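Asker: Pasting the sequence and the predicted coordinates here, then a few questions.
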Amino acid sequence: MDTTELQDKIASTLSGMLEADEWDSLTPADPTYMLNHPSPVGYNTTAEQEYLFQNLLVGYNPENSILDIGCGRCDLGNFIKKFFGEVAPYTGIDHNPVMCDLAKQKYDYDAITGAFETTKVAKHGWVVASGLFTQRRCDTEIADLQKLFADIDIMYETATTVVAFNLLSPINNTVHDGFFYVHPGLIMDMLIEKYRYVTVRNNYSNDVYTVLIYKI
């Protein structure tokens, strides 16, 4: 299946997910907000979340296992199951036990609770981090960049086929305190120099872009 066919199939699948409207109509006052609304895992709408998943999975072969770092409620795992049907193993890991509990309630996934930097996990075909690098984690920009590239190294060593993640872009955007922004040109240059086979997709949002590193 080529890229165009894949995108058409995903678009067709997404158009039938009517529950998205129900999710997006929820407010924080609703008791099922954390369980059902996309916002707790870093998205404004379900459509935005699912389009991002499409970017993270371009070229995905269902025979490849997936490790979802910072999995939250395991929405990515559910998306893969809906789109591809029976697939290779999906593993979610999140440092927040509350989110892991929500993953069990919502999709019956037994996500691993722990920090991916120190938790031993098996190698997977695709290693995905969706929203993991949105917040600043260090006191300085240099330290944040060093932490980012250290984490990418861990992901690269854990993957056998592809590493996929997203970042916030500072280009023509308001930079908010507490959030981590990295110029896509800088990322492209540094990652190509180190890993060679890199794709950057700035095709679905004004402030978020997707990066894929291929191990060929």
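Answerer: Sure, I can see it.

Asker: make it CA atoms for all contacts and neighbour counts henceforth
Answerer: OK.

Asker: Next up, the contacts around residue 114.
Answerer: Going by Cα atoms under 8 Å, 6 or more residues apart in numbering, residue 114 touches 93-96.

Asker: Pull out the buried members of the residues you listed.
Answerer: 93-95 (16 or more other Cα atoms under 10 Å).

Asker: And the helices in the chain?
Answerer: Using DSSP state H, the helices assigned to the chain run over residues 3-15, 19-24, 33-36, 46-56, 75-84, 97-107, 141-158, 184-195.

Asker: What angle do helix 184-195 and the biggest strand by length in the chain make with each other?
Answerer: Under DSSP state E, the strand in the chain containing the largest number of residues is strand 159-168. Angle between the axes of strand 159-168 and helix 184-195 is 160 degrees (criterion: axes from the mean of the first three to the mean of the last three Cα atoms, to 10 degrees).

Asker: which parts of strand 159-168 are buried?
Answerer: In strand 159-168, counting by 16+ other Cα under 10 Å, buried: 159-168.

Asker: do stretch 168-177 as well
Answerer: Result for stretch 168-177 [16+ other Cα under 10 Å]: buried residues 168-170.

Asker: now it, how far from the chain's geometric center?
Answerer: Distance of stretch 168-177 from its chain centroid, counting by Cα atoms, centre = their mean, to the nearest Å, is 19 Å.

Asker: Contact partners for residue 204?
Answerer: 51-52.

Asker: where's it relative to residue 53, distance?
Answerer: 11 Å (Cα to Cα, to the nearest Å).
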